[in-house]
Structure formats: C-alpha cells, structure tokens
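Colleague: here is a sequence with its predicted model. Questions after.
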Amino acid sequence: MTTTTREQAGKSKDVIKKDGKTFFEFTDRITAFDGMKKDEYPDKGEVCCRLSTYWFEILEKEGIPTHFRAFVPPNVMEVEYLEIIPVEVIWRNFVAGSLLKRYESGEKPLVGIEPRLGARIPEGICEFTTKFEATDRLIDEQEVLDNRWLTREELDMIKESTRRVNNVMSAHLLEKGIILADFKIEFGKNLAGKILLADEVGTPDGCRFWDAGSYDEGRIESLDKDVYRYEKGDLSDAYATIMRRICG
Ligand code: TMP
Ligand code: ASP
C-alpha cells in the first residue's frame, strides 16, 4: 500500500512524503515581514525550484553536501529527509534589510561597517536567527550553543560551509552582472547524523540580488523578493528576469 502525506513546510513550500521518499513542492505562495504580507504569483514556485536545483547541483560539485536528490519538473524536488536545525544562517556582503533597520533604530553600528544601504561589508558577516519562533529573532552564537541546537564544532562547520556557499554563488553571479548582497540558508541532519545544506538556495526569495551595472552607477536595482516587500514592481516579471539571467 502506498501512502502520500502533504504538509506545509515554511511559508512557500509543501513537503510531500510518498513511498518512503520526501519531496518539496515549491508553491506560488509568497509572504513577507513574518507573514504580514501574503500573496500568490504565477510561476514563482517553478522559478524558485529551478534556481534551487541549479545551485544545489553546482554546490554539490564544489563538495558542499546538500539534501538535493532530483528535480521533478516543473516545481518539485526530491530531497533527503532531514531533521532541520532550528537556526537560520544569514550571510551579508552588503548592508540592507534588517541590518539597516537595526542601524536606523539606533543600534550601534557594527565595527568597520558603514551604516548605509548598499555599503560593502569588507569580509562579509555571518549571523543567526531563530527559525521556529513567531518572528525571526537575531541570536548570537552563545545562544545557539546554550540551547544545544549545535555543538561548537557543528557551528564552526556551518559557518565555514556558509562562507563557501557565498564564495561559490558570488563568483558565479558576478560573471552574470549580479551582486549577491545577502542570503539566508538552512541546514539539517540526516538519519546518519551528517549535516547537509537544506531547504532552498540561491532563489530570489532567500537572497538579495542587485544588478551590478546599476550598483556601479549608484542605484540599487533589486532582482529579488524586495520587489514584493517594498512594492518596487511586478514580482513575476522580476523572478522571470533573474532566472533568465542566472540559468540562461
Ligand atoms: P534580512 O535583512 O531581512 O535579515 O534578510 C537577510 C537575507 O535573508 C535576505 O536575503 C532575505 C533572507 N531571509 C529569508 O530568506 N527568510 C527570512 O525569514 C529572513 C528574515 C530573511
Ligand atoms: N520570510 C519571512 C516572512 O515570510 C521574512 C521576509 O522574507 O521578509 O515573513
């Protein structure tokens, strides 16, 4: 007998379990600001699934282990079942989003980083937020360790993996005239206890992509979910454009 179950995973994907296999269905749902803003856009799921597939294949070749198993066109991916680590990992190359908000709300600027939208963060920074709280809360490494979400060794390994994901994606994107301003990734543990890159990667939902030509002229042209967050244009158009520019 075969059984199929479906449940919502995060805000934009469904997890389907069928015949002992696990699949992610990338839906057209989109949310922002912890669910305050919610909509659906045609083809959005397909764009994020195709882009995640594109990057998972590149990252695997670069020796970064991921949960990706197979692309099931147009918007489904077979993945290895993982227990998700309850921490979101954010890498920032440029000042934007919640980092800028922290500055604007009077928080002391981070050392060596200019508190201005688009300012470059010289060595990049790795930050952590909670995953399973109502709002994503910035946490420090000590809280991750105190909650026993990761050991020191696992935390260092995840930071190193995140740095490598950034190096691989940033270099690829620059060749295509795109700046990777920041991104969020997640990790999980498989049944053997090995930590793998999980969720989705390199999509306009989880990254800030800026057109490099515009940046050089002093303008920020978003090719990502900021188009939706800040109502800068049509999301389906922006997502189709970024997919074409990345995957050809
Ligand atoms: P932030 O500036 O809002 O903290 O976001 C940093 C990056 O992480 C940005 O590329 C968007 C991405 N991100 C997610 O994908 N999911 C989230 O829940 C959050 C808070 C950020
Ligand atoms: N992903 C988060 C949410 O849906 C935050 C964001 O992307 O703005 O609220």
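Modeller: Great, that's in hand. Ligands and ions are numbered 1, 2, ... in the order given.
Colleague: flag every residue of this structure that's near ligand 2.
Modeller: Contact residues, the chain versus ligand 2 (C-beta under 6 Å from any ligand atom): 11, 31, 32, 33, 34, 35, 225, 229. Glycine gets a C-beta too; all of them are placed from N, C-alpha and C.
Colleague: what do you get if the cut-off is 5 Å, keeping everything else the same?
Modeller: Contacts of the chain with ligand 2, taken as C-beta under 5 Å from any ligand atom, map to 11, 31, 32, 34.
Colleague: mind putting the residues you listed in JSON lines, secondary structure included?
Modeller: Shown next, in JSON lines, are the residues of the chain next to ligand 2 (DSSP: H, G, I helix; E, B strand; the rest coil):
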{"residue": "11", "secondary structure": "coil"}
{"residue": "31", "secondary structure": "strand"}
{"residue": "32", "secondary structure": "strand"}
{"residue": "34", "secondary structure": "coil"}
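Colleague: with the residues you listed in mind, which one is nearest to residue 72?
Modeller: Among the residues of the chain next to ligand 2, residue 11 lies closest to residue 72 (C-beta to C-beta), at 21.2 Å.
Colleague: for the residue nearest to that closest one when sequence neighbours are not counted, list each beta-bridge partner.
Modeller: The shortest distance from residue 11 to any non-neighbouring residue, by C-beta to C-beta, 6 or more residues apart in numbering, is to residue 31 (4.4 Å). Note on residue 31: beta-bridge partners by DSSP bridges are residue 38.
Colleague: residue for residue, what is the longest strand the protein has?
Modeller: Among the segments of the chain that qualify as a strand by DSSP state E, the longest is strand 120-130.
Colleague: and that strand, what does it pack against?
Modeller: For strand 120-130, the contact count by 3 or more C-beta pairs under 8 Å, 6 or more residues apart in numbering; DSSP states H and E identifies strand 87-94, strand 138-139, helix 141-146, helix 152-175 as packing neighbours.
Colleague: got the angle between the last one and strand 120-130?
Modeller: An angle of 130 degrees separates the directions of helix 152-175 and strand 120-130 when computed by axes from the mean of the first three to the mean of the last three C-alpha atoms, to 10 degrees.
Colleague: just the helices in the chain please.
Modeller: Secondary structure of the chain (DSSP state H): helices at 44-61, 97-104, 141-146, 152-175, 212-216, 226-229, 235-247.
Colleague: below-threshold pLDDT in this structure: ranges please.
Modeller: 1 (pLDDT under 70).
Colleague: select, out of the helices and strands packed on strand 120-130, the one closest to ligand 1.
Modeller: Shortest distance between ligand 1 and the helices and strands packed on strand 120-130, using C-beta to the nearest ligand atom, is found for strand 87-94: 4.9 Å.
Colleague: flag every residue of this protein that's near ligand 1.
Modeller: Contact residues, the chain versus ligand 1 (C-beta under 5 Å from any ligand atom): 90, 97, 98, 136, 182, 183, 184, 206, 207, 208.
Colleague: pretty sure the second one contacts residue 182?
Modeller: Yes - in this structure, residue 97 is within contact of residue 182 by C-beta atoms under 8 Å, at 6.7 Å.
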